[in-house]
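In: this is the structure alone, sequence omitted:
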């Protein structure tokens, strides 16, 4: 009985020694390791926040051509989406009994005794053809030949790119059907989104920079047309409408782009770059960083955040030369700061 008891005592003593060794203070009485910090850097002149935007066709430079009359069939199509067309150029030819009827009216008036000189009748017949889309050349042909046709030519209302085509060749067309869309892609819109609070300092007419996602070196300047006065309920963001000059053909509709919004601090303020992980928020809602300053130790400094990207944050605050910010070991610092603020309140 004595031998097993002696073994148990020896094991317990060994475990106690290990525990004491673990909890023993470090040799030489060294203090805990200092927090990990990073320098506070001055931000350069080219400071801004990047937004994701999508290129859109400008409705003001886009024309939709609808069928003004019905047609039995689309006889031929001269241009297809992606083609550049000129104003007045024929896009498609339709076979339309309605057009034949309108031409026949003018032909009948012209062939009547007196050559259609009845006041107002000839003018109304010509106006009807013009409203249907007949060109002056077609009307002049009809006046010369007195031979109506059912071939109706749908022409481009403006110069630009044919971006959409409605009916296919051989299709039947009803009045009001979409025939085609022509857009001037030299002027485009970019739709981007801001989070509430980021719209401060922006106004209609502000200049921004737009670049493709795959090549940030290709940059175009854009102008803000509208900062929406509402918040989109689906995304909880503020829509931003930007116009760009795309005469070089750098952008295409529906492409995603990067929008650089320039950052301007308040009068007399300066902007700095700090690691993104150094920016924390207190329980009272104030955003700031923990600054290491000698003398003075570590203290919480409120800052205003103007943008984030690539692991950095652009902030404005009362920094001094040589300041460093804590990047690791922030949890106990934040807890102590919240306790201090809570106790004071």
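Out: Looks like it came in fine. Values in this document were obtained by computation on a predicted structure and should not be read as measured data.
In: can you check the pLDDT for residue 320?
Out: In this model, residue 320 is scored at 88, pLDDT.
In: who's the closest spatial neighbour of it, skipping the chain neighbours?
Out: residue 293 (6.7 Å; Cβ to Cβ, 6 or more residues apart in numbering). Placement of C-beta: from N, CA and C, glycine included.
In: give me the domain ranges for this protein.
Out: 37-47+268-344, 48-59+185-262, 67-94+154-182, 97-149 (automatic domain parsing).
In: need the ones you listed in CSV with mean neighbour count, can you?
Out: Listed next are the domains of the chain as CSV, based on neighbours: other Cβ atoms under 10 Å:
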stretch, mean neighbour count
domain 37-47+268-344, 15
domain 48-59+185-262, 16
domain 67-94+154-182, 17
domain 97-149, 15
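In: do you know how far the residue nearest to residue 320 is from residue 333?
Out: 14 Å (Cβ to Cβ, to the nearest Å).
In: mind listing the helices for this structure?
Out: Counting by DSSP state H, the chain has helices at residues 2-23, 97-111, 121-132, 136-145, 330-344.
In: contacting residues around residue 289?
Out: By Cβ atoms under 8 Å, 6 or more residues apart in numbering, the contact set of residue 289 is 274, 278, 279, 280, 300, 301, 303, 315, 317, 325, 326.
In: please tabulate these in TSV, including the columns distance to residue 233 and pLDDT.
Out: What follows is those, written out as TSV (distance: Cβ to Cβ, whole Å; pLDDT from 0 to 100):
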residue	distance to residue 233	pLDDT
274	34	93
278	34	93
279	29	93
280	30	93
300	36	94
301	36	91
303	31	90
315	30	86
317	34	87
325	37	93
326	39	93
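In: any idea which of those residues is closest to residue 192?
Out: residue 315 (22.3 Å; Cβ to Cβ).
In: re earlier: tell me the confidence at the residue nearest to residue 320?
Out: So, for residue 293, pLDDT stands at 84.
In: also the one 5 residues further on?
Out: According to the prediction, residue 298 has pLDDT 90.
In: where does the stretch 201-345 of the chain have low pLDDT?
Out: 201, 264-268, 296, 343-345 (pLDDT under 70).
In: tell me where it has strands.
Out: Listed in chain order, the strands of the stretch 201-345 of the chain (DSSP state E, counting those that start in this stretch) span 207-212, 220-227, 238-245, 256-262, 272-275, 280-281, 287-293, 297-302, 304-309, 312-316, 324-326.
In: nearest to residue 136, out of the ones you listed?
Out: Ranking the strands of the stretch 201-345 of the chain by proximity to residue 136 (Cβ to Cβ) places strand 238-245 first, at 33.8 Å.
In: counting by contacts, list what the closest one packs against.
Out: For strand 238-245, the elements it packs on are strand 48-57, strand 187-194, strand 207-212, strand 220-227, judged by 3 or more Cβ pairs under 8 Å, 6 or more residues apart in numbering; DSSP states H and E.
In: now do the first one, average pLDDT.
Out: Strand 48-57 shows a mean pLDDT of 88 in the predicted model.
In: and the contacts of that strand?
Out: By Cβ under 8 Å, 6+ apart, the surrounding residues in contact with strand 48-57 are 163, 183, 185, 188-194, 198, 209-210, 240, 242, 251-263, 306-309, 314.
In: who's the residue nearest the centre of the chain bridged to?
Out: Nearest to the mean C-alpha position of the chain, by Cα atoms, centre = their mean, lies residue 53 at 1.9 Å. Applying DSSP bridges to residue 53 gives these bridge partners: residue 192, residue 257.
In: start at 850, not 1
Out: New numbering, starting at 850: the last item is residue 902.
In: what distance do you get for it to residue 1149?
Out: Residue 902 sits 36 Å away from residue 1149, taking Cβ to Cβ as the criterion.
In: please apply the same query to residue 917.
Out: From residue 917 to residue 1149 the distance is 71 Å (Cβ to Cβ).
In: again with residue 946
Out: Counting by Cβ to Cβ, the separation of residue 946 from residue 1149 is 82 Å.
In: over to residue 958?
Out: 90 Å.
In: do the same with residue 982
Out: In this view, residue 982 and residue 1149 are 72 Å apart by Cβ to Cβ.
In: swap in residue 1140?
Out: The value you get for residue 1140 to residue 1149, if Cβ to Cβ is used, is 8 Å.
In: alright, that wraps it up for me.
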